[in-house]
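[1] Let me see the structure of the following:
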Amino acid sequence: MSEPAPAVAPKLTMIEIATLCIAVIAIIAAARIAEDFLVPVVTGILLSYALRPLVSALERIRVPRLLAAALVMTVLVGLLSGTGYAIRDDVNAAIAELPGAARKLRLVIAESARQSPGAMTHVTAAAEELDRAAAAAQGKPVMNAPAPPRDGVAAQFQSFVEHQTEKALGVFSEIVFALLVAFFLIAAGDTFRRKVAKLAGDSLARRRVTVEVLNDIDAQVQRYLWTLLVTNALIAVATWGSLAVLGLPNAGMWGAITGVLHVIPYAGAAVATAGIGVAMFLHTGSVASAVVAMLVVAAIATLIGIVYMSWLQGRASRMNAVAVFIGVLFFGWLWGGWGLLLGLPILAVVKSISDRVESMRPVSELLGA
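    Numbering: from 1, shown residues only. Below is the predicted model:
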């Protein structure tokens, strides 16, 4: 007796594929348009998953749920505020030294241009001669030197600082909104989880799968935060040791600042690298020493913060490093710095769901290690 032929999954028609592509594009466009709303909501949800074990631990020792949530959020805000308060004097001192750094840098550049003029100097001189020749051909008076620009580097720098201040205020408001979302979700306890399980359907199996997905999301988010903590600690220690060898004063402070700033992927490392370069230049007066310090810090951030962190997070989330890197780049394009920070936990959530939903098996296979 012949065995029955295995069932073959139906193939998608061209219309179904086109509809799926349009739906994906529409979701991406909606996510980008609604960035100001979605970013703090997603951040608050992920933060609530990370802080839930602490609140549950307090609840087990007879602390009311609402009071436990308020206590955990107060401690978190206090730690963030205390960190900022602890480094405020060093930050103010570094900002106060910026004019001196700019003056030294200007003198070094002027001296370097005088001793060995580069290609840009010759191109600029040629352009000025061409302007004089054109003015002479038209019978206009020849100007020996161009008028100084009204909108110089100082004005551009001031405009940049004002723009970044506005962005910082926007980020601060998003953080406050995310903390409020996390607080209400934690205070609600298992109410939200029960509602999600109920929405999954009347089938006991579907509800069980939903609960398993929620538990897996808990574990994935906690692994992500643990990985982030370990990676930033390694970056802080490695930066501290390297700057101490290079002879930079307050190497421990700069190591701690680098570790804290590296919470913001890529941009935080760039800011820390630039600040260390300025500090080294002010200390030694040598551009070469500043460049060496910046290269060392950039190498540490690249090796530990990008390569090692992507590998470690991939192992923690059971995802391959290529999918992690491409996914983080995609969310960085979608939401900027917030996307770089939230990209990997969102991918971990998608992986947890796709592992247990039959129709999403291709996505699980694509993201899997």
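
[2] Now for the nearest residue to residue 214 once chain neighbours are set aside, how many residues are close by?
    In space, and not counting its chain neighbours, residue 214 is closest to residue 193: 5.5 Å by Cβ to Cβ, 6 or more residues apart in numbering. No exception for glycine: its C-beta is placed from N, CA and C like everyone else's. Neighbourhood size, residue 193 [other Cβ atoms under 10 Å]: 17.

[3] so which strand or helix has residue 193?
    In the assignment (DSSP states H and E), residue 193 maps to helix 191-199.

[4] so what does that helix touch, helix or strand wise?
    Helices and strands touching helix 191-199, by 3 or more Cβ pairs under 8 Å, 6 or more residues apart in numbering; DSSP states H and E, are helix 204-246.

[5] which element follows the helix it packs on toward the C-terminus?
    Downstream of helix 204-246 (by DSSP H and E), the next one is helix 251-261.

[6] which other residues reach that following helix?
    83, 87, 90, 232-233, 235-241, 243-244, 248, 268-269, 271-272, 275-276, 279, 297, 301 (Cβ atoms under 8 Å, 6 or more residues apart in numbering).

[7] Narrow the residues you listed to those that are buried.
    In these, burial by neighbour count holds for 232, 235-240, 243, 248, 268-269, 272, 275-276, 279, 297, 301, counting by 16 or more other Cβ atoms under 10 Å.

[8] State the mean pLDDT of the helix holding residue 193.
    Average pLDDT, helix 191-199: 72.

[9] relative to helix 204-246, how tilted is that helix?
    140 degrees (axes from the mean of the first three to the mean of the last three Cα atoms, to 10 degrees).

[10] Of all the residues in helix 191-199, which ones are buried?
    Under the neighbour-count criterion of 16+ other Cβ under 10 Å, helix 191-199 has 193, 197 buried.

[11] Tabulate the CA atom coordinates of it in CSV.
    What follows is helix 191-199, C-alpha atoms only, in CSV (Å, rounded to 0.1, in the frame of the first residue of the first chain):
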residue,chain,number,x,y,z
THR,A,191,-3.6,42.7,33.7
PHE,A,192,-2.0,43.6,30.3
ARG,A,193,-0.7,40.1,29.8
ARG,A,194,-4.1,38.5,30.6
LYS,A,195,-5.7,40.9,28.1
VAL,A,196,-3.2,39.9,25.4
ALA,A,197,-3.7,36.2,26.1
LYS,A,198,-7.5,36.7,26.0
LEU,A,199,-7.2,38.5,22.6
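
[12] in terms of contact, does the residue nearest to residue 214 touch residue 211 like I think?
    Yes. Assessed by Cβ atoms under 8 Å, residue 193 is found in contact with residue 211 at 7.4 Å.

[13] residues near the closest residue to residue 246 other than its chain neighbours, how many?
    What sits nearest to residue 246 in space, not counting adjacent residues and going by Cβ to Cβ, 6+ apart, is residue 293, at 5.6 Å. By the criterion of other Cβ under 10 Å, residue 293 has 26 neighbours.
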